[in-house]
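Undergrad: starting from these lines, generate the structure:
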Amino acid sequence: MDQKAKTLPNAGINPNVSVDCVIFGFDFEELKVLLIQRKEGPDQDLAREGRWALPGNLIRDDESLDTAAGRVLGELTGLERIYLQQFQAFGNPDRVRRQADAEWLHYMREQPNARVITVAYFSLVKLHGFEPQPRSFARNVAWFPIDEVPDLAFDHNEIVESGLLALQRILRQRPIGFELLPRKFTLGQLQRLYEAILRRPLDKRNFRKKMLKKDILVALDEKQQGVPHKPAQYYRFDKQKYAEWEEKNLDADFDVVPV
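TA: Residues are numbered from 1 along each chain as shown. Here you go, the predicted model:
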């Protein structure tokens, strides 16, 4: 193939290590994953439908894994200081299982036959006011509900599922779900977030009782407006109170739902 894109020069790029990012968002109803539609073919023919995939890239020789993941997120989202959590490495020798994936590697990579081990991260992004835009390595970008993720490139479906399991596990240890909510939210919205991540319904009374008992929420002198039901009160997450709670409960997990 004599018309490769060669988007990544050999100099300074590690051909054997990459990072892939599972970017989660929440729209008050569903947990979603941000995917890119990759460019296919040497002529970037728009008539040829690209496979959906996780945003990722090879790492540079002069950057750490965390820095590389932050770079990939920044290139796609334009956002900085996003919650980022490394959760697993993927290195099976049969990661390239489809001919289409092999062809894409020949189009995009200087060393398309190199075995690549990817270190996976998940990140949490507030959806409100955020509109991702396609970057140089993607022809399209879109949010997909977690239960409607299509057949992805390489082993990316496995990475998404593992990322969700990691998110569920850490949610029981620390209140990271607040990274997906705006500054103010209702208890109902907070419960729906936990249900969307854990993928099961929670008892309303028990959830609210346990969450309020942690004493990390601050009730605001403000309620919903223009809703067809009784307006609910808004709350905000108090990071300082959580730090104090954590200091007093060094050996305790932040679990607000029954196993």
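Undergrad: how far does the helix or strand hosting residue 58 sit from its chain's centre?
TA: Residue 58 is part of strand 56-60 when elements are defined by DSSP states H and E. Put simply, strand 56-60 sits 17 Å off its chain's centre (Cα atoms, centre = their mean, to the nearest Å).
Undergrad: could you identify the helix or strand that succeeds it?
TA: Assignment by DSSP H and E places the next element after strand 56-60 at helix 65-77.
Undergrad: buried sites along stretch 58-75?
TA: Neighbour counts over stretch 58-75 (16 or more other Cβ atoms under 10 Å) mark 58-60, 68-70, 72-73 as buried. Bear in mind the C-beta positions are built from the backbone N, C-alpha and C, glycine included.
Undergrad: stretch 221-240 too?
TA: Under 16+ other Cβ under 10 Å, the buried positions of stretch 221-240 are 234-237.
Undergrad: now, which of those residues sits nearest residue 150?
TA: residue 237 (33.2 Å; Cβ to Cβ).
Undergrad: just the helices in the stretch 1-150 of the chain please.
TA: 65-77, 99-108 (DSSP state H, counting those that start in this stretch).
Undergrad: so where's the protein uncertain?
TA: The model of the chain has pLDDT under 70 over residues 1-11, 41-49, 133-137, 250-252, 258-259.
Undergrad: ok, longest strand in it?
TA: Determined from DSSP state E, the single longest strand within the chain is strand 13-26.
Undergrad: parallel or antiparallel, list what pairs with that one.
TA: Within its sheet, strand 13-26 is paired with strand 31-37 (antiparallel), strand 56-60 (antiparallel), strand 117-126 (parallel), according to DSSP bridges.
Undergrad: now do the longest one against helix 65-77, angle only.
TA: Spelled out, that is strand 117-126. 50 degrees (axes from the mean of the first three to the mean of the last three Cα atoms, to 10 degrees).
Undergrad: in strand 117-126, what's buried?
TA: Result for strand 117-126 [16+ other Cβ under 10 Å]: buried residues 118-126.
Undergrad: what's the most distant pair in the residues you listed?
TA: Across the buried residues of strand 117-126, the two lying at the largest distance from each other (Cβ to Cβ) are 118 and 126, at 25.9 Å.
Undergrad: closest to residue 157 out of the helices of the stretch 1-150 of the chain?
TA: Of all these, helix 99-108 comes closest under Cβ to Cβ, at 12.7 Å.
Undergrad: and the closest one, which residues are buried?
TA: So, applying 16+ other Cβ under 10 Å, buried residues of helix 99-108: 101, 104-105, 107-108.
Undergrad: next up, the contacts around residue 241.
TA: By Cβ atoms under 8 Å, 6 or more residues apart in numbering, the residues touching residue 241 are 215-216, 218.
Undergrad: just those residues: which are in strands?
TA: residue 218.
Undergrad: any chance of a ChimeraX selection covering the buried ones in the contacts of residue 241?
TA: In ChimeraX, this line selects whichever of those come out buried by 16+ other Cβ under 10 Å:
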select :216
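Undergrad: just send the contacts of residue 241 back as a markdown table, with distance to residue 22 too.
TA: Compiled in a markdown table, these are given as follows (distance: Cβ to Cβ, whole Å):
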| residue | distance to residue 22 |
| --- | --- |
| 215 | 31 |
| 216 | 26 |
| 218 | 30 |
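Undergrad: can you pull out the strands in the chain?
TA: So, for the chain - with DSSP E - the strands run 13-26, 31-37, 52-53, 56-60, 83-90, 117-126, 140-145, 185-186, 217-223, 233-237.
Undergrad: can you give me the end-to-end distance of stretch 132-140?
TA: The first and final residues of stretch 132-140 sit 10 Å from each other (Cα to Cα, to the nearest Å).
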